[in-house]
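Colleague: got a structure for you, letters missing:
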């Protein structure tokens, strides 16, 4: 697979868009995005050595190097956060630490500390873990915890969730092994540090230090899918029968205990259908990807499966196993729909461009020749009625990596019943043959409304590897990739007739064309013939009145040099009948 190198700008219009480059500028903030709501992984049952629920103001000191001055503060209203309210912690209503970068505006910068005012004594406790609940929205700021063992003279920094995607909301219990700094120390200080500039916010509550489990595996996330011609392992939540392939299952596991675990085992199970395991030696503190030794091939009939995965160890005792289970995977074998998103089960957010033009979609590997007839799209609940949208199908140039338009739909105006639901738009050319061993891109797009409303918002659900979900920003004419999966799917439903019956045996070549296209047609009788070319709005962009044409086959050359790149319809009218064929113009 040829990797696609795009722009040097890092854009975040779809829950974390990036260009594949070594450096990137800040992404613009937006207000419709995905979120991750993560369960409390770290329910340690060892001794609590210290805890603080942020209910006493004198327990905390606030300092800053912000410009203008801006500190952390204690908030008691769980709904006071600028987005994704309320703050969900056990004791949010009696106070939580809060810093709000969003409220300070675009010209402000934050560099602020919230420091616990007491000295903590962990003498005799060599293995300890700091744990807290937090609620935040990411935007390329830095969140960290600093720990000192000399009363605050020197500090060791532990960065918090540095890999969270821009404009993604997170609620979770977070843990840090601070044994290297605070273990068996008698004069420990702890502080929270936020650095940002027109970011979002960070809320922290229910902070504690516990002894660390001797043995503890944590299931962090599934990695699964099918590897095809694009070269990436792509998860397909819905797969047509003809595209079924063996599915690989792996899990990301963290060993957050004190000791190594020689038999850290990943198990994937589909009840009464499939079970497989993978085992490795997991070193304390390591993050491992463990794969099942067998793959799963679904039966070639429409069906639904639920795959459950977990971590375990047979040779050691884990006092806590509530963090050993992965999120279940829902798989569907379908007749016609090919989907990489998980929006049938959970809608995580939306992709849009603040009322400006854009396209969003996914690549699909094809394993058996198939005919695509349309594109199914999840329209988010925040989309706007009367937004005009379209779908497109692209091939990918194997040499340049360019996306090459092959077909698209007519413009469609969103109706009230479309909002929050899936719709399928047919391609103009009817059935388009997809070739086994090739990769294709399907997108949904809009020209926007000039930024007056949200316009089109596309559901997002699931995570995408870099350069497998794409986003075209019409404001800077640039393709980017996204790490949030858009609900844009291939539809293999039997074709409806989108072109008029070919009563004249009409043909168009070359197609795609650039400066010229040739039209052939056959008449049974002499007739007046008129050729028109229309764009997708129905506007006539080319006319050639041929006058009286003799019976038989005729070929006409059309000068298409002045036509912009896109999809057009060529109409041949004679004897009160019309034949229509699609023409693709490439420049």
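Modeller: Noted; the coordinates are in hand. Just so we're clear, the structure is a prediction, and the values are computed from it rather than from any experiment.

Colleague: Measure how far the strand or helix carrying residue 174 is from the centre of its chain, please.
Modeller: Assigned by DSSP states H and E, residue 174 belongs to strand 169-177. Centre-to-centre, strand 169-177 and its host chain are 21 Å apart (Cα atoms, centre = their mean, to the nearest Å).

Colleague: And that strand, what does it pack against?
Modeller: The helices and strands touching strand 169-177, judged by 3 or more Cβ pairs under 8 Å, 6 or more residues apart in numbering; DSSP states H and E, are strand 35-37, strand 128-137. (Glycine included, C-beta is placed from N, CA and C.)

Colleague: go again using 10 Å as the cut-off
Modeller: Applying 3 or more Cβ pairs under 10 Å, 6 or more residues apart in numbering; DSSP states H and E, we find strand 169-177 packed against strand 35-37, strand 128-137, strand 142-148, strand 156-159, strand 201-211.

Colleague: Would you format those strands as CSV with mean neighbour count, mean pLDDT and distance to residue 572 included?
Modeller: As requested, the helices and strands packed on strand 169-177 are exported to CSV (neighbours: other Cβ atoms under 10 Å; pLDDT from 0 to 100; distance: least, Cβ to Cβ, whole Å):
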stretch, mean neighbour count, mean pLDDT, distance to residue 572
strand 35-37, 15, 39, 53
strand 128-137, 24, 93, 56
strand 142-148, 19, 96, 64
strand 156-159, 13, 95, 66
strand 201-211, 23, 96, 62
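
Colleague: contacting residues for residue 468?
Modeller: Residues touching residue 468, when contacts are defined by Cβ atoms under 10 Å, 6 or more residues apart in numbering, comprise 225, 230-235, 340, 362-365, 439, 441, 481-483, 485.

Colleague: Quick check: neighbours of the strand holding residue 174 in the sheet, parallel or antiparallel?
Modeller: Strands that pair with strand 169-177, judged by DSSP bridges, come out as strand 35-37 (parallel), strand 128-137 (antiparallel).

Colleague: Name the residues of the next helix or strand after that strand that come out as buried.
Modeller: Downstream of strand 169-177, the first helix or strand assigned by DSSP H and E is helix 179-182. Burial within helix 179-182, assessed by neighbour count using 16 or more other Cβ atoms under 10 Å, is assigned to 179, 181, 182.

Colleague: From the chain's centroid, how far away is stretch 209-228?
Modeller: In this view, stretch 209-228 has its centroid 21 Å away from the chain centroid, taken as Cα atoms, centre = their mean.

Colleague: Make 13 the first number, not 1, from now on.
Modeller: Right, with 13 as the first residue, what we last looked at is stretch 221-240.

Colleague: Quote the end-to-end distance of it.
Modeller: The first and last residues of stretch 221-240 sit 46 Å apart, counting by Cα to Cα, to the nearest Å.

Colleague: buried ones in that stretch?
Modeller: Neighbour-count burial for stretch 221-240, with 16+ other Cβ under 10 Å as criterion, is recorded at 221-232, 234-238, 240.

Colleague: Now the spatially closest residue to residue 245 that is not a sequence neighbour: which helix or strand?
Modeller: The shortest distance from residue 245 to any residue other than its chain neighbours is 4.2 Å, reached at residue 237 (Cβ to Cβ, 6 or more residues apart in numbering). Here residue 237 is covered by strand 229-239, with elements defined by DSSP H and E.

Colleague: who does that strand pair up with?
Modeller: Partners of strand 229-239, by DSSP bridges, with direction: strand 245-246 (antiparallel), strand 260-267 (antiparallel).

Colleague: which residues make contact with the shortest one from outside it?
Modeller: Identification of contacts with strand 245-246 by Cβ under 10 Å, 6+ apart yields 235-240, 259-260, 262, 352, 374-377, 451, 476-477, 480-481, 497.

Colleague: For that strand, what is the distance to the chain centroid?
Modeller: In this view, strand 245-246 has its centroid 14 Å away from the chain centroid, taken as Cα atoms, centre = their mean.

Colleague: go on, stretch 206-217?
Modeller: Here stretch 206-217 shows a centroid-to-chain-centroid distance of 23 Å under the convention Cα atoms, centre = their mean.

Colleague: Residues in a beta bridge with the residue nearest to residue 245, which ones?
Modeller: residue 260.

Colleague: that older thread, specify the stretch among the strands paired with strand 181-189 that is closest to residue 538.
Modeller: For residue 538, the closest of the strands paired with strand 181-189 is strand 47-49, at 67.6 Å, according to Cβ to Cβ.

Colleague: Show me what secondary structure element comes after the closest one.
Modeller: Counting by DSSP H and E, what follows strand 47-49 is strand 60-64.

Colleague: Counting neighbours, which bits of that next one end up buried?
Modeller: Taking 16+ other Cβ under 10 Å as the neighbour-count basis, strand 60-64 is seen to contain the buried residues 61, 62, 64.

Colleague: Give the rounded mean pLDDT of it.
Modeller: Within the predicted structure, the mean pLDDT of strand 60-64 is 96.

Colleague: Could you list the residues in contact with that strand?
Modeller: With contacts defined as Cβ under 10 Å, 6+ apart, strand 60-64 is touched by 71-72, 109, 128, 130, 132-134, 136-137, 140-144, 194, 200, 202, 217-223.

Colleague: what do you get for stretch 548-560?
Modeller: Taking contacts as Cβ under 10 Å, 6+ apart, the residues outside stretch 548-560 that touch it are 400, 402, 420-423, 440, 529, 531, 533, 538-547, 566, 568-572, 574-576, 578-586, 595.

Colleague: try 7 Å
Modeller: 422-423, 538, 540-547, 568, 570, 575, 579 (Cβ atoms under 7 Å, 6 or more residues apart in numbering).

Colleague: Out of the contacts of residue 480, which end up buried?
Modeller: Neighbour-count burial within the contacts of residue 480 applies to 237, 242, 244-247, 352, 374-377, 451, 453, 493-495, 497; the criterion is 16+ other Cβ under 10 Å.

Colleague: returning to what we had before: out of the strands paired with strand 229-239, deepest packed?
Modeller: Using mean count of other Cβ atoms under 10 Å, the stretch among the strands paired with strand 229-239 with the largest mean neighbour count is strand 260-267, at a mean of 22.

Colleague: for that strand, what is the average pLDDT?
Modeller: In this model, strand 260-267 carries a mean pLDDT of 95.

Colleague: Stretch 311-318 too?
Modeller: Averaging pLDDT along stretch 311-318 yields 94.
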